[in-house]
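Here is the input, now give the coordinates:
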Amino acid sequence: MNFLVRLITLATSARALRSKVSNATSVAKQVSTKIRTFDSAYIRGTVEKADQGNANSQFDLGDRYYDGLGVAQDFSQAAYWFERAAQQGHTRAQVNLGMMYAVGRGVDRDDVEGYKWLSLAARSGDPGAIKNRGKLASRMSSEQLAEANRRVAQFQKA
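Have a look, this model is predicted:
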């Protein structure tokens, strides 16, 4: 008899647990749908602002494409948006773009262009840009460094 009572108790507990799991699954699906809806609306608004020239929105899109947050991961799209923000002096976009050129992610590897963007960000005092620019410089020839510095000077005149 004791065994039968335990079995009935276990069955009742299993039903209650299954009901709680089912409710949790339903809530999780609802939350996921709301997040996707929010992400879609947020991304549409961000694209609109980025297309109008907002550097922070351009950087945000670059970040989202780089990490695949709310959009499919796409390094070339990340580089595109980072470059648009970097052209406007957005320091974090300059750092990210410089590193993308340094490793060839989303763009062809180009140490000169990577050094240029890291140098521009380093002038804002960004410690990561300063450190990574030094590492990049150690693998560049004096001709490449001269060309990179020429590009930095040319960018600042524009």
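
Identify the residues contacting A129.
91, 94-95, 98, 118-119, 121-122 (CB atoms under 8 Å, 6 or more residues apart in numbering). Placement of C-beta: from N, CA and C, glycine included.

What strand or helix carries it?
Assigned by DSSP states H and E, A129 belongs to helix 127-137.

That helix: which residues count as buried?
128-130, 132-133, 136 (16 or more other CB atoms under 10 Å).

Could you give the number of residues near G114?
24 (other CB atoms under 10 Å).

Any figure for the gap between the spatially most central residue of the chain and Q144?
The centroid of the chain falls nearest to D63 when counting by CA atoms, centre = their mean (2.5 Å). From D63 over to Q144 the distance is 28 Å, taken as CB to CB, to the nearest Å.

now G45
Using CB to CB, G45 is found at 41 Å from Q144.

Compare those two and say which is more crowded by neighbours.
Q144 (16 against 11).

Setting aside sequence neighbours, what's the nearest residue to the more buried one?
V112 (5.2 Å; CB to CB, 6 or more residues apart in numbering).

what's the answer for E113, then?
Spatially, and ignoring its direct neighbours in sequence, E113 is nearest to Y101 (4.5 Å; CB to CB, 6+ apart).

and D126, what is it in contact with?
Under the criterion of CB under 8 Å, 6+ apart, the contact list for D126 reads 91-92, 94-95.

Kindly indicate which of those lies nearest Y80.
The closest of these to Y80 turns out to be Q94 (CB to CB; 14.5 Å).

Please list all residues in contact with the closest residue in space to that closest one that isn't next to it in sequence.
Distance criterion CB to CB, 6+ apart; nearest residue to Q94, sequence neighbours excluded, is A121 at 3.9 Å. Going by CB under 8 Å, 6+ apart, A121 touches 91-92, 94-95, 98, 129.

how much space between A121 and A102?
If you go by CB to CB, the gap between A121 and A102 works out to 12 Å.

try L145
14 Å.

For the two, indicate the residue with more neighbours.
Between L145 and A102, counted using other CB under 10 Å, the more crowded position is A102 (22 against 16).
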